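# curious how this folds, go ahead:
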Amino acid sequence: MAAQPVPHPSTDKKRVKVYELRNNDWFDRGTGFCIAAFNITEDGQQRDPRVIVESEDQPDRVLLETRINKEDGFHKQQETLIVWTEPSTGVDMALSFQEAEGCAMIWKFIHGIQQQYHNVNAPDDSLSDDLAMEMPNPISLPLASMANLAEIESQMRGLSGTANGRDALTKYVLTEDFIGKLIPLVGDAEDLESLNDLHRLCNIMKIVILLNDTSIIEHAVSDECVIGVVGALEYDPDFPSHKANHRQWLEGEGRYKEVVRIEDPQILKKIHQTYRLQYLKDVVLARILDDNTFSVLNSLIFFNQVDIVQHLQSNANFLAELFNIFKSPLSGPRRKKEAVLFIQQCCAIAKNLQPPSRQTLYNNFLAHGLLQVINFGLRHGDVAVRVGATDILVSMIDHDPQMIRNMIYRQLQDKQPPLTDSLIDLLLVEVDLGVKSQISDALKVLLDQGPPPQQEAFAKANGEYAVRAASRIPPSADPQQDNFLNNFYESSATKLFQPLINLEGRATMEFSVQQASMFTYLIEILCFFIRQHQHRSKFFVLNNDIVLRISQLLKCPEKFLKLVAIRFLRQLISLQDEFYVKHVSEKRVVGPILDVLIETMPRDNLLSSACLEFFEFIRKENIKELVKHIVENYRDRVQALDYLDLFKTLLLRYDQTGGFSVNMDYFIEVDDEPRRRTNIINPKTGALMEHLVMDQAEEEYWNTSDDEEDLQARPGSRASLNGESPNTKPLVDYASDEEGDENLEAGALSADEDRQNDGPRKTGENSRGVGPPPERLSEKRRREEEDEDDLSKMVQHKRRNSTSASSNSSAVSGVLRKKKSISGARDAGGGPRKIAISLSPNLKSGNGQSHVRSDDEA
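Residues are numbered from 1 along each chain as shown. Presented below is the predicted three-dimensional model:
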């Protein structure tokens, strides 16, 4: 066979957009200029036909370069689209041309290459060797008639199982107008009431659509075929006893409402085609769609929507007529309603567009008065119109909230009611919970002034860090935003939270479903304001007594409202702001939470968990003001819950510190989180002192120093008793709080010491009659050692409780005086004497008995 003429390459560059399918969504890779040409080798041969797109912004960057190396790899859709699948990656690609002429020129070159592959039996020398491919054999199906339906279905099932068979079947369906031949058979089978034939026609039509060819699908939804195609699909053999009513739905003339007449017939055709494709995808074929067919349907819908939106936003006359509907007094309410719903559909379509196209659409709408349309829709009596207006607003806020804020700033400058007032009015009266949720989110986004400044960054001690942090201080707030917020808190905030303010003096806390949901959204918005608008929200909360009003909801029978109130109070204390902590204490709103906890505590549920978490946060974060308030004002209720470790710990901490006269950090358990402390209180002097981070070894040393002093005290006392001068000052001064302790310390002296002192003695006045006979020496020494150990323990106890140096000196002098008196009495008598030891009352109670001992003197 003679070689086929090589198609002339397209050297003219055509403006085009490159799209790539990602996750069933078309991603815009950029805009550029497209050419289709051969790659010229060194020997001058034309090889590897390619389609190349160079970037419009950066001419040196190539957006796309793909080889034309597979028959039927490229497909033309409509007049400006060429789609294909990359053989190397399997990614679906598309070229959307600005002009139909450019698309036709590029397609002519691509189609010529594909026809060349189709006509040759062997690869041509002028083309790459890897372009050779197996060509599917032509097929022929039986004549489309009632009698051949079973055989046609069988052959089509067999052919659709292989790739070559699908390609051959696709060509046959297109060239023979097979769909057009099947449509009349649907009416014939219905007239004959032949259910089996109708089921076979449904299966055949499914096979045809699932061939996944864009040309077949476009033909199936055309005006002349769509009714017959969906008519055949009404008789699904999977549901033999049921029949769908697709034709009745699509034939309804009332489905298409033309608010403003669209003159372009091609746009009208695409609007109808898009509606049918969506119905086919979402209703008719929803159960049987595979991924490939689903992707093809989405692609067709997406590109149709792009063309429709581009046409509408570039048509200034159309937009002017559309928005004049809301300005003209002659327009009826029905037409205004349809205009709002039309704009809602345009905004819904715009969600699938690329951000630049979406921005252009919204800017055109705003320039023609979209905010007036939203205000009209939000105040409309029909819920469908309110939903439509809310949907338009949310779509624009999701795209660019600053754009809406700028429009509100302009309204305030023109002394017009701002958009937020309309949102507030709708939130307070709307019964649809979905609309309420959308309005609540819209208000929070519009009144969001960005993240609050981080104060911790400037509290560092490192000067260099502080300088660097200061250099990164964000710029001052936008004055327009400040003016907007000031206006909102002066006039709109009171109106927004009026239902909460009106709770004052209310006897019953029973609300309807709409009222209860309204309180939920209002408190959620208020929590957001407290986080974002710190100073303004403080004044508003204080001025309107909001905390006390919300605490009234704790008496509601609905548990979810109680949870909302607890969440709000938890939000306040979580800020750890001194203003809110004192405000919560002054309003005494913790008591109702304790009542709710006592009421629900036998059961483990969300309400009891929220209450416990509230108090656990107070304990864990060591909020002393609230702990003191809770224990002092609600001690009986806390004691009723002291079987829980949480409340037992709160009581113990408070009692240990006596109302937090010293810093509570001394009594924190080891497993608690570290506390942020800058100053601590000296437990002895009560004065503030700087908190120093001490090494662990040093802390252990100071903690064990008392024991070391005890060890030093004992040898000192023994040395003084073993012959040293009685006037020697002890190493440690021991304190005594009672006069009876002097007798105790004097009476503890042993007889061995008295025998070693040879100085002059005086007779003691406390001697009594003759005692029992002398004890054996071993028994006497053992008892002396036991008494001496008891004395050391008692003296140690007294030393720990000492508070003044004067008491210490008096105790020591008392010991020395009694020591001299006792020694003199024994020396003067020259014989055995009985010594009576009188113990103090507290010592008697501690030891359970008094000790009386007789000593023999040599």
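
# what's the separation between Phe74 and Cys34?
Separation of Phe74 from Cys34 (CB to CB, to the nearest Å): 13 Å. Any C-beta I mention is one placed from the backbone N, CA and C, and that applies to glycine too.

# more neighbours: which of these two?
For Phe74 versus Cys34, the count of surrounding residues by other CB atoms under 10 Å is larger for Cys34: 25 against 21.

# give the rounded mean pLDDT of the helix or strand where that one lies.
Cys34 belongs to strand 25-40 when assigned by DSSP states H and E. What strand 25-40 shows for mean pLDDT is 83.

# who does whatever helix or strand comes next after that strand pair up with?
As assigned by DSSP H and E, the chain's next helix or strand after strand 25-40 is strand 46-55. With DSSP bridges as the test, strand 46-55 is paired with strand 25-40 (antiparallel), strand 62-67 (antiparallel).

# among those strands, which is nearest Thr657?
Ranking the strands paired with strand 46-55 by proximity to Thr657 (CB to CB) places strand 25-40 first, at 62.5 Å.

# so which bits of that closest one are buried?
Trp26, Asp28, Arg29, Gly30, Thr31, Gly32, Phe33, Cys34, Ile35, Ala36, Ala37, Phe38 (16 or more other CB atoms under 10 Å).

# count of residues packed around the closest residue to Glu504 other than its chain neighbours?
Spatial nearest neighbour of Glu504, chain neighbours left out: Arg549 (6.3 Å); criterion: CB to CB, 6 or more residues apart in numbering. Using other CB under 10 Å, Arg549 has 20 other residues around it.

# so Arg549 belongs to a strand, correct?
No - counting by DSSP: H, G, I helix; E, B strand; the rest coil, one finds Arg549 to be helix, located in no strand.

# show me what contacts it?
Neighbouring residues of Arg549 by CB atoms under 8 Å, 6 or more residues apart in numbering: Leu500, Ile501, Leu503, Glu504.

# run through who's touching the helix or strand hosting Asp421.
Assigned by DSSP H and E, Asp421 belongs to helix 419-429. Residues from elsewhere that reach helix 419-429, judged by CB under 8 Å, 6+ apart: 371, 374-375, 378-379, 386, 390, 393, 404, 407-408, 411, 435-436, 439-440, 442-443, 446-447, 488, 492, 495-496, 498-499, 518, 521.

# 6 Å instead, please
The contact list for helix 419-429 (CB atoms under 6 Å, 6 or more residues apart in numbering) reads Asn375, Leu378, Ile408, Ile439, Leu443, Ser492, Lys495, Leu496.

# with neighbour count, pLDDT and secondary structure added, can I get those residues in TSV?
Listed next are these as TSV, based on neighbours: other CB atoms under 10 Å; pLDDT from 0 to 100; DSSP: H, G, I helix; E, B strand; the rest coil:
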residue	neighbour count	pLDDT	secondary structure
Asn375	22	86	helix
Leu378	25	86	helix
Ile408	21	89	helix
Ile439	26	90	helix
Leu443	22	92	helix
Ser492	18	91	helix
Lys495	12	92	helix
Leu496	21	93	helix
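
# ranges for the helices of the stretch 251-400 of the chain?
265-279, 291-314, 316-324, 333-350, 355-367, 370-378, 383-399 (DSSP state H, counting those that start in this stretch).

# got those helices as JSON lines, with distance to Asp636 columns?
Output for the helices of the stretch 251-400 of the chain, formatted as JSON lines (distance: least, CB to CB, whole Å):
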{"stretch": "helix 265-279", "distance to Asp636": "67"}
{"stretch": "helix 291-314", "distance to Asp636": "67"}
{"stretch": "helix 316-324", "distance to Asp636": "68"}
{"stretch": "helix 333-350", "distance to Asp636": "59"}
{"stretch": "helix 355-367", "distance to Asp636": "62"}
{"stretch": "helix 370-378", "distance to Asp636": "52"}
{"stretch": "helix 383-399", "distance to Asp636": "51"}
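
# quick check: which ranges of the stretch 51-200 of the chain have low pLDDT?
Across the stretch 51-200 of the chain, residues meeting the criterion (pLDDT under 70) sit at 70-72, 117-138.

# mind jotting down where the helices sit in it?
Under DSSP H, counting those that start in this stretch, the stretch 51-200 of the chain gives helices at 100-119, 149-159, 163-175, 178-192, 195-209.

# so which bits of the longest one are buried?
Put plainly, it is helix 100-119. 102-103, 105-107, 109-114, 116-117.

# tell me what angle it forms with strand 46-55.
150 degrees (axes from the mean of the first three to the mean of the last three CA atoms, to 10 degrees).

# and the helix holding Asp421, average pLDDT?
88.

# list of residues touching the strand holding Cys34?
9-10, 13-20, 46-56, 63, 106, 109, 302, 354.

# could you redo the last one with a cut-off of 7 Å?
9-11, 13-20, 46-56, 63, 94-95, 106, 109-110, 299, 302, 354 (CB atoms under 7 Å, 6 or more residues apart in numbering).

# and for stretch 217-225?
Stretch 217-225 is contacted from outside by 77, 179-180, 183, 209, 226, 229, 273, 276-277, 280, 296-297, 300, using CB under 7 Å, 6+ apart.

# show me the two of the residues you listed that sit farthest apart.
Gln77 and Ile183 (22.8 Å).

# which one, of the strands paired with strand 46-55, ends up nearest to Thr162?
Nearest to Thr162 among the strands paired with strand 46-55 is strand 62-67 (25.0 Å), distances taken as CB to CB.

# list the buried ones in the closest one?
So for strand 62-67, counting by 16+ other CB under 10 Å, buried means Leu63, Leu64, Thr66, Arg67.

# any low-confidence regions in this protein?
Looking at the chain by pLDDT under 70, you get 1-12, 41-46, 70-72, 117-138, 253-255, 450-477, 658-858.

# which other helices and strands contact whatever helix or strand Phe484 lives in?
Using DSSP H and E, Phe484 maps to helix 479-487. Counting contacts by 3 or more CB pairs under 7 Å, 6 or more residues apart in numbering; DSSP states H and E, helix 479-487 packs against helix 401-413.

# at 10 Å what do you get?
Helix 479-487 is packed against helix 401-413, helix 419-429, helix 534-543, with contacts defined by 3 or more CB pairs under 10 Å, 6 or more residues apart in numbering; DSSP states H and E.

# between helix 401-413 and that helix, find me the angle.
Going by the same axes, to 10 degrees, helix 479-487 makes 60 degrees with helix 401-413.

# who touches helix 479-487?
Residues outside helix 479-487 that contact it (CB atoms under 10 Å, 6 or more residues apart in numbering): 402, 405-406, 408-413, 418, 420-421, 446-450, 476-478, 493, 529, 532-533, 536.

# in that helix, what counts as buried?
Gln481, Phe484, Leu485, Asn487.

# which one of those sits closest to Leu319?
Phe484 (28.3 Å).

# quickly note the distance from the closest one to Leu526.
For Phe484, the distance to Leu526 - CB to CB - is 18 Å.

# now swap in Thr420 and tell me
15 Å.

# likewise Gln481?
20 Å.

# re earlier: what sits in contact with each of Phe74 and Cys34?
Val51, Ile82, Leu95, Ile106.

# could you pull up the residues touching the closest residue to the third one other than its chain neighbours?
What that stands for is Leu95. Excluding the flanking residues, the one nearest Leu95 by CB to CB, 6+ apart is Ile82, at 4.6 Å. Ile82 sits next to 16, 34, 36, 51, 74-76, 93-97, 103, 106-107, 110-111 when contact means CB under 10 Å, 6+ apart.

# pretty sure Pro418 contacts Tyr409?
Yes - Pro418 is within contact range of Tyr409, at 8.9 Å (criterion: CB atoms under 10 Å).

# and the two? Which one has more around it.
Pro418 (22 against 17).

# so what's the residue count around the closest residue to Leu322 other than its chain neighbours?
What sits nearest to Leu322 in space, not counting adjacent residues and going by CB to CB, 6+ apart, is Val260, at 5.0 Å. Val260 is flanked by 20 other residues according to other CB under 10 Å.
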